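Peer 1: when you get a sec, could you give me coordinates for this:
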Amino acid sequence: MKVWGQTVDDETRCVHYRTPKDVIAIKFVCCGRYYPCHLCHEEAENHPAEQWPIRERDTNAVLCGVCSTELTISDYLATTRCPRCGAPFNERCGLHAHLYFEM
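Peer 2: Predicted coordinates for the structure are as follows:
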């Protein structure tokens with residue numbers, strides 16, 4: 001799966017967020033591309049980011065950078081780690097959820 005933006009490793013960490021738990025990328029509904037974060041999207045695209053509508057919570061739109069599993073938005077929002085490989089996700093990402101998903 002291709003991840004766009006300024007990644008710094010093969011687990012989707014980027015120049016903006018690169019702690020050991022920053023291992024997800026989010027598919028942006030506006031362009032269909034996976035980016036590690038909203039800042040990477042903002043720097044690379046010439047359109048504003050759009051949030052995933054609530055009615056599309058069953059869409060695969062979150063990528064685990066450790067094992068490449070795609071999660072639905074609902075599954076991602078309900079967990080703190082990858083259901084397949086167990087990699088922990090950064091719990092502070094919830095502070096930015098409104099940038100990606102209608103809440």
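Peer 1: so who does the spatially most central residue of the chain touch?
Peer 2: Geometric centre of the chain, nearest residue: residue 26, 2.5 Å, by C-alpha atoms, centre = their mean. Applying C-beta atoms under 8 Å, 6 or more residues apart in numbering, one finds that residue 26 lies in contact with 34-37, 61-63, 100. Placement of C-beta: from N, CA and C, glycine included.
Peer 1: what about it, which SS state?
Peer 2: strand (DSSP: H, G, I helix; E, B strand; the rest coil).
Peer 1: that one and residue 92, how far apart?
Peer 2: Per C-beta to C-beta, to the nearest Å, residue 26 is found 15 Å from residue 92.
Peer 1: still on that earlier bit, beta partners for the residue nearest to the centre of the chain?
Peer 2: Beta-bridge pairing for residue 26 (DSSP bridges): residue 35, residue 62.
Peer 1: good, we can wrap up now.
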